[in-house]
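K.L.:
sharing a sequence plus its predicted fold:
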Amino acid sequence: MVGVTETIPRTELRTIRRALSDLRKDLITDAFALRPLPPLGATHPLVRALPPWARPYAPWLPHAALTAFALYLMAVAGEIDGVGMALLSSVPLLIALYRPIGAWWLSFGGSVVWGLGVAETAAGSMWPWPPTLFASHIAVMVIVAFRNPPRVAGQMLLLTAGFGFACDLAVGWRPTNAFPMVITSCVIVGAVVARRSLRETKQQVAVEQSATHEERSRRTLLEERATIARELHDVVAHHMSVIAIQAEAAPYRVADPPEELASSFATIRENAVAALTELRRVLGVVRADDPDAYADADPEAPQPTLATLDTLFAGVRAAGLTVEHLTTGAVRPLPSGVELSAYRIVQEALSNALRHAPGSTARVEVAYVLGGLGLRIVNGPPTQAVRPSPGMGHGLLGMRERVAMLNGEMTAGAVEEDGGYEVAVFIPAAAVPEAEASAPETPAPAPQRGYAPEGETMEP
């Protein structure tokens, strides 16, 4: 029992301290801070309801209405209760346009001063709030409640009700208008708070609905992409598997096949298996529901980089394309995204040369410049018959997308001198801070056409 009796006062004390802290933060700290009433927006229903000639002035209608109401109360109070009441009724209402919390304190303090000052002389039932001060005090509370959280409105109503009930207890021999003030202010301010809460709730619901719609659209897009990726994998993987099997079995169909023929079939099989492995690794995430389907794809294998270009060149040379390679500048590690994109661009450019310029000579230049990485892949005209390629290729589009993703630049087009084709790319990138350049630091030559070193003649 002792523990229970000690816990209850502590809980109540914490509640009181929290309430006083909130009161100090809401109504005392920076009470007279400048917070001007904003004008109405161009999409406000009141603005849209006015004729076009009046719409430029419509955003200031609340300010004009409050000013007119304050002047009206000043005139009425001056006729009935004198200059003092005229100022108490109008000045807080005008200040509420710029400093709402401070205006409420002025109105509340004026109510206390006026109520205590005329307690012995005032007649009738309109005490401690005369009619004009009654209307002005409620109007100020409405403005504050409209621009602050509901907790602030509750604090104002509690202080106002506390003062009114204190007047009822202190002066029991005469009637007061404390009860009408409490009822009227609770109804009006409560309606304002309810409307403001309803508006905020609608805005929050609209934001959540918009986020839900965007999430649903994004999910639908991802599902469609996953479906396309599955179909792509199934089709390409099937054909690449057939190519690999046929290339492996082809030498055994001929008695004593030439060594060159066997080597060509072995290269075809190796390229098909490598392509199939990369395809499974890239699209393995799509089939996350069957993680064992790609156990042999080695998903942890490192992505290709510029350091593995020699392997790519070997495969391309085995396919019949002569490739020259030149690297300029201080070779240094670059971000993995830049390395992978550069490798894919070179790979796609050489694949295009194999398809559209068989028998030609290709030159690949990699320039490590100060601001990033330069690539230039140029091939000469075909020396063999070009076989038609079914469908529309997406190689250049994919290269442009990679370059755009890295904020780089790319140009591609035919070479007028010899009828070849050139792809020039610049990718801005900084060196990886942890690693140091492995090659001796030599200044990168200034590029001429594309990214060719200065003073060298580009050969197709």
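P.N.:
Received the coordinates, thanks.

K.L.:
show me the contacts for residue 105.
P.N.:
If you count contacts by CB atoms under 8 Å, 6 or more residues apart in numbering, residue 105 has them with 27, 31. Every residue, glycine included, has its C-beta placed from N, CA and C.

K.L.:
what about it, distance to residue 190?
P.N.:
Counting by CB to CB, to the nearest Å, the gap from residue 105 to residue 190 is 21 Å.

K.L.:
next: residue 229.
P.N.:
57 Å.

K.L.:
ok, now residue 128?
P.N.:
Computed as CB to CB, the residue 128 to residue 190 distance reads 22 Å.

K.L.:
ok, these two, which is more surrounded?
P.N.:
Shown here are residue 128 and residue 190; by other CB atoms under 10 Å, residue 128 has more neighbours (27 against 15).

K.L.:
can you tell me the closest non-neighbouring residue to that one?
P.N.:
The shortest distance from residue 128 to any non-neighbouring residue, by CB to CB, 6 or more residues apart in numbering, is to residue 115 (2.7 Å).

K.L.:
okay, now the one you found: neighbour count?
P.N.:
23.

K.L.:
who's in contact with it?
P.N.:
127, 128, 129, 163, 167.

K.L.:
next, give me the two most distant ones among these.
P.N.:
Distance extremes for these: the farthest pair is 127 and 163 at 12.2 Å, using CB to CB.

K.L.:
hmm, back to that, three-state assignment of the residue nearest to residue 128?
P.N.:
Under DSSP: H, G, I helix; E, B strand; the rest coil, the three-state class of residue 115 is helix.

K.L.:
and it, how far from residue 130?
P.N.:
Distance from residue 115 to residue 130, by CB to CB: 10 Å.

K.L.:
cool, and residue 308?
P.N.:
Residue 308 is 90 Å from residue 130, by CB to CB.

K.L.:
higher neighbour count, those two?
P.N.:
Ranked by neighbour count (other CB under 10 Å), residue 308 and residue 130 place residue 130 first, with 24 against 13.

K.L.:
distance of that one from residue 39?
P.N.:
Residue 130 is 32 Å from residue 39, by CB to CB.

K.L.:
the strands in the stretch 201-350 of the chain, which residues?
P.N.:
Counting by DSSP state E, counting those that start in this stretch, the segments of the stretch 201-350 of the chain that form strands are 322-329.

K.L.:
which of the contacts of residue 115 lies closest to residue 268?
P.N.:
Closest to residue 268, out of all of these and judged by CB to CB, is residue 163, at 95.1 Å.

K.L.:
got a list of what the closest one touches?
P.N.:
Residue 163 neighbours (CB under 8 Å, 6+ apart): 108, 111, 112, 115, 128, 178.

K.L.:
go on, residue 404?
P.N.:
So residue 404 contacts nothing (CB under 8 Å, 6+ apart).

K.L.:
shaky segments in the stretch 301-450 of the chain?
P.N.:
301-302, 388-394, 431-450 (pLDDT under 70).

K.L.:
mind listing the helices for it?
P.N.:
Taking DSSP state H, counting those that start in this stretch as the test, the helices found in the stretch 301-450 of the chain are 309-318, 336-356, 395-405.

K.L.:
any idea which of the ones you listed gets closest to residue 153?
P.N.:
For the helices of the stretch 301-450 of the chain, proximity to residue 153 was assessed by CB to CB; helix 395-405 is nearest, at 51.4 Å.

K.L.:
hey, C-alpha coordinates of the closest one in PDB?
P.N.:
Extracted as PDB, the C-alpha positions of helix 395-405 are listed here (Å, rounded to 0.1, in the frame of the first residue of the first chain):
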ATOM      1  CA  GLY A 395      23.300  -1.600 -77.900                       C
ATOM      2  CA  LEU A 396      23.700   2.200 -78.400                       C
ATOM      3  CA  LEU A 397      20.600   2.900 -76.300                       C
ATOM      4  CA  GLY A 398      22.000   0.900 -73.400                       C
ATOM      5  CA  MET A 399      25.400   2.600 -73.700                       C
ATOM      6  CA  ARG A 400      23.700   6.000 -73.600                       C
ATOM      7  CA  GLU A 401      21.700   5.100 -70.600                       C
ATOM      8  CA  ARG A 402      24.800   3.900 -68.700                       C
ATOM      9  CA  VAL A 403      26.600   7.100 -69.600                       C
ATOM     10  CA  ALA A 404      23.700   9.300 -68.600                       C
ATOM     11  CA  MET A 405      23.300   7.500 -65.300                       C
END
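
K.L.:
so residue 428 sits right up against residue 372, yeah?
P.N.:
Yes. In this structure residue 428 lies within contact range of residue 372 using CB atoms under 8 Å: 4.0 Å.

K.L.:
any common contacting residues for those two?
P.N.:
Joint contacts of residue 428 and residue 372 (CB under 8 Å, 6+ apart) are residue 408.

K.L.:
compare the two (neighbour count), which wins?
P.N.:
Neighbour totals were compared for residue 428 and residue 372, and residue 372 leads with 20 against 13 (other CB under 10 Å).

K.L.:
the more buried one contacts residue 407, doesn't it?
P.N.:
No. With contacts counted by CB under 8 Å, residue 372 stays clear of residue 407, the gap being 9.5 Å.
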